[in-house]
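> pasting the sequence and the predicted coordinates here, then a few questions.
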Amino acid sequence: MTPARGRPGEGMIVGLIGFATVALFYAVFDLLAARGGLYTVNLLGMSVFRGLRDPSVLELPVRLDAGAIVLYSLVHLALALAIGWFVVWLVRTAESQPSRAALVTTIILAGFVITRLLVGWLSRPIRPVLPWWSIMTANLLSMVLAGWYLVRHHPGLWQLLSGGRPGGRTQAASTSTVG
């Protein structure tokens, strides 16, 4: 059985929600730290594409590198879109094959954990200005907002992925018999 069809472009919307949430979080984070709205994306771009590895450079003002900012933003956008499309595919799979809902939930949660660990590992060189709590907060916000969008557009999804079935009946209740 193939996953149910949903709204066209839904994966793109979910990916854009994730991308925009993280980008906005770090723009505000940097502005509140009086570093300028592109500070973190600049450092991430310089770390990934320019080989920035010396944390002592972070003690000095860092010149904005437009190329690194654009490249990093494009990679971040592409990854966010890919994740969005994959999550929507998983959601549609769970809806069309409810017996796989627990597996879908596990994959989504594992993906969140693995992605955070990977981002944390890749951003080690700039840990003094990109603390773990900010990585977790930005990505948790993106997951909550994208999840909110999906739950609003897929009635019963929350119950399905949390171990129940749409309509409030749990799997155990729906398979039990009165004897």
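Arrived safely, thanks for sending. Just so it is clear, the model here is predicted, and its values are computed rather than measured.
> and the helix or strand Ala68 falls within, which residues are buried?
Using DSSP states H and E, Ala68 sits in helix 66-96. For helix 66-96, a neighbour-count test (16 or more other C-beta atoms under 10 Å) marks 68-69, 71-73, 76-77, 80-81, 83-88, 90-95 as buried. No exception for glycine: its C-beta is placed from N, CA and C like everyone else's.
> one more: stretch 30-42?
Buried-residue list, stretch 30-42, by 16+ other C-beta under 10 Å: Asp30, Arg35, Leu38, Tyr39, Thr40, Val41, Asn42.
> helices - which of those residues land there?
In helices, defined here by DSSP state H, the members of the buried residues of stretch 30-42 are Asp30, Tyr39, Thr40, Val41, Asn42.
> tell me who's in contact with the last one.
Put plainly, it is Asn42. By C-beta atoms under 8 Å, 6 or more residues apart in numbering, the residues touching Asn42 are Val62, Leu64, Asp65, Ala68, Ile69.
> cool, and Leu52?
Leu43, Met46, Pro125, Ile126 are the contacts of Leu52 under C-beta under 8 Å, 6+ apart.
> by neighbour count, which of these wins?
The most neighbours of any of the contacts of Leu52, using other C-beta atoms under 10 Å, belong to Leu43, which has 26 neighbours.
> Asn42 versus the closest residue to that residue other than its chain neighbours, what's the distance?
Of all residues not flanking Leu43 in the chain, Ile126 sits nearest, at 4.8 Å (C-beta to C-beta, 6 or more residues apart in numbering). From Ile126 over to Asn42 the distance is 10 Å, taken as C-beta to C-beta, to the nearest Å.
> I'd assumed Leu90 was in contact with Trp107.
You called it Trp, but residue 107 is Ile. Yes: between Ile107 and Leu90 there is a contact under C-beta atoms under 8 Å: 6.1 Å.
> can you check which residues contact both of those two?
When contacts are counted by C-beta under 8 Å, 6+ apart, Ile107 and Leu90 have no shared neighbour.
> neighbouring contacts of the helix or strand containing Ala110?
If you go by DSSP H and E, Ala110 is part of helix 101-122. With C-beta under 8 Å, 6+ apart as the test, helix 101-122 has contacts from 47-48, 83, 86-87, 90-91, 93-94, 132, 135-136, 139, 143, 160-163.
> one more time with 10 Å, if that's ok
Here helix 101-122 makes contact (C-beta atoms under 10 Å, 6 or more residues apart in numbering) with 22, 44, 47-48, 79, 83, 86-87, 89-95, 97-98, 100, 127, 130, 132, 135-136, 138-140, 142-143, 147, 157, 159-165, 171.
> many thanks, I have nothing further to ask.
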